[in-house]
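Student: I'd like to go over a predicted model; first the sequence, then the structure.
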Amino acid sequence: MISGHPFVPSQIYVNGHDMIARSIAIPGGCLVFVLCCGKFAKDFQARDVSAKTILLSGFGVLVLPFIFAIVVRATVLTAYPLWFAALLGKETQLEFAVADTEGSSSRCPYRVDLAGMPMMTGTLCGVPDDFRKTLHRGTWVVLTGRGTDYGLFAAGIDIVR
């Protein structure tokens with residue numbers, strides 16, 4: 001069993017809707033870039049602005065558009081299947097390939113990353129360590145839980161036999 005019930009969109013849904021997600025995330029990131037550049041220019045021209053404010057504005061120009069685009073893309077790829085699974089889901093299984101089993105943190109102990117999933121999705125936390133040690137890159141696993149063909153709330157994991 002996996003601790004908690006993380007939502008994982010299906011690989012088929014992600015592949016089929018990735019272009020839509022990118023077509024929303026990229027213009028959104030560009031808009032954030034333009035807004036951050038305007039803020040930076042305004043701060044740079046002001047007379048009584050601290051160096052800290054200038055640095056933070058510059059940091060915003062360099063980093064915020066990327067963070068915004070990543071979050072928007074992940075939201076577009078998970079929002080619809082998440083609600084669909086929550087409202088109409090039933091016990092289901094989906095198959096995924098394992099990308100990585102290395103790394104752990106206090107926020108995500110005993111993690112397993114699934115291949116081909118966008119950032120912020122496809123990471124399972126709390127997978128028992130003895131089971132996790134049997135996994136390696138490319139191993140196919142089946143997740144079970146409440147959901148649909150678009151995604152599920154993972155409750156269990158097993159190796160595809």
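Tutor: Great, that's in hand. What you see is a predicted model; the values in this text were computed from it and never measured.
Student: use CA for all of it now, contacts and neighbours both
Tutor: Noted.
Student: list the strands paired with the top strand by length along the chain, with their directions.
Tutor: Scanning the chain for the strand with the most residues, using DSSP state E, yields strand 90-100. Strand pairing for strand 90-100, determined by DSSP bridges: strand 112-114 (antiparallel), strand 140-148 (antiparallel).
Student: put the alpha carbons of the longest one into CSV.
Tutor: Included here for strand 140-148 are C-alpha records, laid out as CSV according to Å, rounded to 0.1, in the frame of the first residue of the first chain:
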residue,chain,number,x,y,z
TRP,A,140,6.4,-1.9,-15.3
VAL,A,141,4.1,-1.5,-12.3
VAL,A,142,0.3,-1.5,-11.9
LEU,A,143,-1.3,1.1,-9.7
THR,A,144,-4.7,0.3,-8.2
GLY,A,145,-7.1,2.7,-6.6
ARG,A,146,-10.2,4.7,-7.2
GLY,A,147,-10.3,6.3,-10.6
THR,A,148,-11.0,6.1,-14.3
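Student: and the next helix or strand after that strand with strand 140-148, angle?
Tutor: Per DSSP states H and E, the first helix or strand lying C-terminal to strand 140-148 is strand 151-159. Angle of strand 151-159 versus strand 140-148, following axes from the mean of the first three to the mean of the last three Cα atoms, to 10 degrees, is 150 degrees.
Student: residue nearest the centroid of the chain?
Tutor: When Cα atoms, centre = their mean is applied to the chain, the residue found nearest the centroid is M120 (1.7 Å).
Student: right, so of the strands paired with strand 90-100, which gets closest to D100?
Tutor: For D100, the closest of these is strand 112-114, at 5.1 Å, according to Cα to Cα.
Student: quick check: closest non-adjacent residue to A115.
Tutor: Distances taken as Cα to Cα, 6 or more residues apart in numbering place A99 nearest to A115, at 4.4 Å, with adjacent residues excluded.
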